[in-house]
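S.K.: give me a model of this one.
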Amino acid sequence: MDDIRAIVFDVNGTLVDILTDEHDDAVHRAVGHLLTYQGIDVRRGRVRELYHAYVDQQRAASGEEHPEFDAVAIWARIVDEHATDYTRSLPAGKRAQLPLLLAETYRGVSRRRLRLYPGVREVLDELAARFPLAVVTDAQSAWARAELQHVGLLELFDPVVVSGDHGFRKPDGRLFRRALAGLGVAPEHALHVGDDMYRDVHGAQSAGMRAVLFSSGRGRDTWGDTVPDHVIDDHRELLDLLGLAPSRTTLC
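M.R.: Okay, here's the model as predicted:
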């Protein structure tokens, strides 16, 4: 691993231990209540039905092999289709920001847990002092960067490649290549770390990168004949792999 010049990370299930429940009635009730203040009366059952139907429709209409949805566009459609005269009388700036506010509210109310895995911050600080770091994550811009900011990691990564910005998800190699272009390194000199054998390991290796599987139990641990270059159970093992490991006492 002595020729690695940059490291790319997945986020959820790799760096961040996150749990959401988007099927909880409380999520759709909260969004429905928010909509009433915009002059829109859509009950929680209908909110759930519309949101998930429009996600499915977006993906079905995509020409991509691994389609991603656009949460803000979905909420914009719901608002447009149910707008009243009161909704249309709202200040233009408020109307323009409403779909993003709804996307953020939906995510925020559904979130049950958001925290770093043990040792992540310390390991990333060690790595950031020696390598440029990037993120490739299957997520929505409405919340991906804000969640990285919340756990104190956003400033460590450049670029942050979010699938929701591009309309396709991992393992599509274009996402990895965007990260590599931003880092300015060739794929053979980059390492990807993720928790899913298909989306992360297969995806990164198909793009010419080496790949480490972090065994968090969140992603698939097998995919066909895909074999990761390394498997780790603790992020501090990355420092060992890269020949950078400080004493364990400094990381505890």
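
S.K.: quickly find the element holding the nearest residue to residue 113 once chain neighbours are set aside.
M.R.: Nearest residue to residue 113, sequence neighbours excluded (Cβ to Cβ, 6 or more residues apart in numbering): residue 19, at 4.0 Å. Placement of C-beta: from N, CA and C, glycine included. Element membership of residue 19, judged by DSSP states H and E, is strand 16-20.

S.K.: which residues are contacting that strand?
M.R.: 12, 107, 110-117, 120, 147-148, 151, 153, 216 (Cβ atoms under 8 Å, 6 or more residues apart in numbering).

S.K.: what mean pLDDT does that strand have?
M.R.: For strand 16-20, mean pLDDT rounds to 97.

S.K.: so which bits of the helix or strand that that strand is followed by are buried?
M.R.: Once strand 16-20 ends, the next helix or strand along the chain (criterion: DSSP H and E) is helix 25-36. Going by neighbour count (16 or more other Cβ atoms under 10 Å), the buried part of helix 25-36 is 27-32, 34-35.

S.K.: and stretch 145-157, by the same measure?
M.R.: For stretch 145-157, using 16+ other Cβ under 10 Å, the buried residues are 145, 147-148, 151, 153-154, 156-157.

S.K.: go on, stretch 228-244?
M.R.: Result for stretch 228-244 [16+ other Cβ under 10 Å]: buried residues 228-230, 232, 234-239, 241-242.

S.K.: neighbours around the residue nearest to residue 244 when sequence neighbours are not counted, how many?
M.R.: Once flanking residues are discounted, residue 244 sits nearest to residue 126: 6.0 Å by Cβ to Cβ, 6+ apart. Applying other Cβ atoms under 10 Å, we find 20 residues neighbouring residue 126.

S.K.: just give me how far stretch 174-185 sits from the chain centre.
M.R.: 16 Å (Cα atoms, centre = their mean, to the nearest Å).

S.K.: give me the residues contacting it.
M.R.: Contacts of stretch 174-185 (Cβ under 8 Å, 6+ apart): 5-6, 8, 132, 134-136, 158-159, 161, 163, 166, 168-170, 186-187, 190, 192, 203-204, 207, 209.

S.K.: what about the residue nearest to residue 244, distance to residue 215?
M.R.: 21 Å (Cβ to Cβ, to the nearest Å).

S.K.: that older thread, now, which of the buried residues of stretch 145-157 sits nearest residue 49?
M.R.: residue 147 (26.6 Å; Cβ to Cβ).

S.K.: residues in contact with the host helix or strand of the closest one?
M.R.: Element membership for residue 147, per DSSP H and E: helix 144-150. Outside helix 144-150, the residues that touch it by Cβ under 8 Å, 6+ apart are 11, 16, 18, 104, 114, 135, 137, 154, 157, 160, 162, 164.
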